[in-house]
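Trainee: Here's my sequence, what's the structure:
(chains A and B)
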Amino acid sequence: MFCRGAFNFFERHVIMAEYNSLEQVRLQKITELRAAGVEPYPTRAERTHTAAQAIAEFEAAEKTAGPGNPPAEIKAILTGRIRATRAMGKLSFAHIEDVTGKIQLFLRINELGQERVSFFDKYYDIGDFVQASGVLMRTRTGEITLHVHDYALLAKAVSPLPASKDVTQEDGSVIRYAALEGAELRARQRYADLAVNPDVRETFRKRARIISVLRRFLDEHDFLEVETPILQPLYGGAAARPFTTYHNQLKQQLYLRISFELYLKRLLVGNLERVYEIGRDFRNEGVSFKHNPEFTQLEFYWAYADYLKVMELTEQMVSTACHAVNGTYKIVYQGQDIDFTPPWKRLEMRQGIMDVTGIDIHAHPDAESLLATMRAKGYNPPHMATRGKLIDYLVGEYLEPTLIQPTFLYDYPRDISPLAKSKPGDPLTVERFEGYVAGFELCNAFTELNDPLDQEQRFIEMGRDYTAEDEELNLMDEDYLRAMRYGMPPNGGFGMGVDRLTMLLTDKHSIREVLLFPHLRSDEAGGSETRE
RNA sequence: GGGCGCGUAGCUCAAUGGCAGAGCAUCGGCCUUUUAAGCCGUUGGUUGAGAGUUCGAGCCUCUCCGCGCUCACCA
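Mentor: Now for the predicted structure:
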């Protein structure tokens, strides 16, 4: 009990000493390498070509030489990680992989001598980083290969990479053997996943490309990228439970933001006109295949625009991102053909609900009337207080799943949209749309409410919908109202989950496949050993 | 949080309540153009953790941990 920190420290060292048999073999090799004067972790490396550059240069040299003629000699120093070895006594082959791909090494006693070939076979393992110099050649089977004249260790791997082997079939398809496949292990040890699964690396390259394209698109449309607080004294802009934290010196309760909205719109008051932010939101809610506690959000606000203009910009932006990543506007998501070519379908929510349920929400201006009709038609929503929530239920249960092709569902109930501007002449409806693709929500946007008196009223109404025990739910943001009182230009605002867009564009079912380090529970082994 | 399913060697997976196995990886041997190299041999396990039933548990029961699917929650 006393000195608990020291106990944990000791315990940790015991855990660290638990090497498996494969690791013990490699540790022994490290000792022997040092004894032989080989530093397993040298400070510097040298490289003249990436794998891809070496292959391209050799092919170009072959072309220059012409068929049947030997190409000009190309010397190269390559670096990479050993992915496969094939030792044959006086010969040895290995594949190394760098960020551009794989290339084969060919070691022979003619150049290296028996001792150096055997030394490579004995001490170099899959997973080690190596450097090899030599001359490019083609083997008898036609593979462009580095004929090695010298080699060096760059970093020894103690733990074996999860072994995976590929064999390319005659039809070009690749069969993978014993690849790292467990979703949990892959997420927990993303480093190993990335190291052995090239398609995972490709997914995250695509993700980076998507974000880069979104940013460039908005920059080119004269939006200013800004950064607003993640630690906020009040949270708002969405309906979600926040994470709370505490500033020790200020003795202040703080929240991690659940949206950027209220801060970004303050900037419109400051005459910035067009602003956007790409960053992390945090929501203290359930985790699922499409929810992570922290996720990447894109929001922009556009002065003098309305939700119709935002729709047009949205379909342009998302289709541009799709084309940049996939080279086409048409993709397949989980077996469904999706076409992002603008313009996307526009569907009024009232009409959409009518199409799938036969209920006209305009005929039911209050919750009681709507609920009675729903019940009469056999719909049994869980207990819900407001008209908007009943409508939301109908949309979520019956309409959303039908929206496979990119669709803007527009004109939402006022009472579930406290930051959106009312539709002129229709007090129950606001100018809001959500973009749906493949049956789930991709983005959410509206003509922003800029009337400070109306906004104050909405905050009050919103507060009423929540019961007294929701003490934390303080939606009244006085500073935001003060900003709005200085005058906010009419504007259209937009929010989109970047992770979900990435899921769509990379054909991933789970958000965990597009997050490098998704949230997972503690992986400490043995439940009964945890003490608190 | 609820329901259903899963957890076996470093990785991918087998195993009617009856000696815990295979492929790849590892280790040793043979092999001078291989590519899942091949051939011969070898090693590797607290079957997620703990308890129970049983002559005997990877398998049945309970508790716990973790993951997956699903529901709830979720702009």
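Trainee: Can you name the element that comes right after the lowest-mean-pLDDT helix or strand in chain A?
Mentor: When each helix and strand of chain A is scored by mean pLDDT, DSSP states H and E, helix A:4-16 comes last, with a mean of 38. On the C-terminal side of helix A:4-16, the closest following helix or strand by DSSP states H and E is helix A:21-35.
Trainee: Can I get that next one in PDB? Just the C-alpha atoms.
Mentor: Only the C-alpha atoms of helix A:21-35 are listed here, as PDB (Å, rounded to 0.1, in the frame of the first residue of the first chain):
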ATOM      1  CA  SER A  21      10.800 -17.800 -27.300                       C
ATOM      2  CA  LEU A  22      11.000 -16.000 -30.700                       C
ATOM      3  CA  GLU A  23      12.000 -12.800 -29.000                       C
ATOM      4  CA  GLN A  24      14.600 -14.500 -26.900                       C
ATOM      5  CA  VAL A  25      16.300 -15.800 -30.000                       C
ATOM      6  CA  ARG A  26      16.500 -12.400 -31.400                       C
ATOM      7  CA  LEU A  27      17.800 -10.900 -28.200                       C
ATOM      8  CA  GLN A  28      20.500 -13.500 -28.400                       C
ATOM      9  CA  LYS A  29      21.300 -12.400 -31.900                       C
ATOM     10  CA  ILE A  30      21.600  -8.800 -30.800                       C
ATOM     11  CA  THR A  31      24.200  -9.900 -28.200                       C
ATOM     12  CA  GLU A  32      26.100 -11.900 -30.800                       C
ATOM     13  CA  LEU A  33      25.900  -9.100 -33.400                       C
ATOM     14  CA  ARG A  34      27.500  -6.600 -30.900                       C
ATOM     15  CA  ALA A  35      30.100  -9.200 -30.000                       C
END
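Trainee: Other residues contacting it?
Mentor: The set of residues external to helix A:21-35 that reach it, using C-beta atoms under 8 Å, 6 or more residues apart in numbering, is A:19, A:39-40, A:122-123, A:125, A:153, A:156-160. Glycine gets a C-beta too; all of them are placed from N, C-alpha and C.
Trainee: Strands of the stretch 51-200 of chain A, start to end?
Mentor: Remark: strands assigned in the stretch 51-200 of chain A by DSSP state E, counting those that start in this stretch are A:75-87, A:91-98, A:101-108, A:129-138, A:144-155, A:165-168, A:174-177.
Trainee: Could you export these as CSV, including distance to RNA strand B, mean pLDDT and mean neighbour count?
Mentor: As requested, these are exported to CSV (distance: least, C-beta to the nearest atom of the strand, whole Å; pLDDT from 0 to 100; neighbours: other C-beta atoms under 10 Å):
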stretch, distance to RNA strand B, mean pLDDT, mean neighbour count
strand A:75-87, 4, 95, 18
strand A:91-98, 3, 94, 20
strand A:101-108, 5, 95, 20
strand A:129-138, 7, 96, 19
strand A:144-155, 6, 96, 19
strand A:165-168, 4, 62, 11
strand A:174-177, 4, 58, 11
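Trainee: Those: which one's closest to A:Gln189?
Mentor: Closest to A:Gln189 of the strands of the stretch 51-200 of chain A is strand A:75-87 (C-beta to C-beta; 15.7 Å).
Trainee: now that closest one, how far from the chain's geometric center?
Mentor: The chain centroid and the centroid of strand A:75-87 are separated by 31 Å under C-alpha atoms, centre = their mean, to the nearest Å.
Trainee: so that strand versus strand A:101-108, what angle?
Mentor: 80 degrees (axes from the mean of the first three to the mean of the last three C-alpha atoms, to 10 degrees).
Trainee: wait, isn't A:Ala305 in contact with A:Gly493?
Mentor: No: using C-beta atoms under 8 Å, A:Ala305 is not in contact with A:Gly493, being 9.0 Å away.
Trainee: more crowded one of those two?
Mentor: Set A:Ala305 next to A:Gly493 and count neighbours by other C-beta atoms under 10 Å: A:Gly493 wins out with 27 against 22.
Trainee: Helix or strand next in line after the helix or strand hosting that one, which one?
Mentor: Secondary structure from DSSP H and E places A:Gly493 in strand A:491-497. As assigned by DSSP H and E, the chain's next helix or strand after strand A:491-497 is helix A:498-506.
Trainee: Who are the packing partners of that next one?
Mentor: Secondary-structure packing of helix A:498-506 (3 or more C-beta pairs under 8 Å, 6 or more residues apart in numbering; DSSP states H and E): helix A:198-220, strand A:294-303, helix A:307-326, strand A:330-333, strand A:440-447.
Trainee: Could you export the ones you listed as a markdown table, including mean pLDDT?
Mentor: A markdown table is the format used below for those (pLDDT from 0 to 100):
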| stretch | mean pLDDT |
| --- | --- |
| helix A:198-220 | 94 |
| strand A:294-303 | 95 |
| helix A:307-326 | 97 |
| strand A:330-333 | 92 |
| strand A:440-447 | 93 |
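Trainee: most packed of these?
Mentor: For the helices and strands packed on helix A:498-506, average neighbour numbers computed from mean count of other C-beta atoms under 10 Å are highest in strand A:294-303, which has a mean of 22.
Trainee: Partner strands of that strand, with direction?
Mentor: strand A:274-282 (antiparallel), strand A:491-497 (antiparallel) (DSSP bridges).
Trainee: highest average neighbour count across these?
Mentor: When those are scored by mean count of other C-beta under 10 Å, the highest mean neighbour count falls to strand A:491-497 (a mean of 24).
Trainee: I appreciate the help and will end here.
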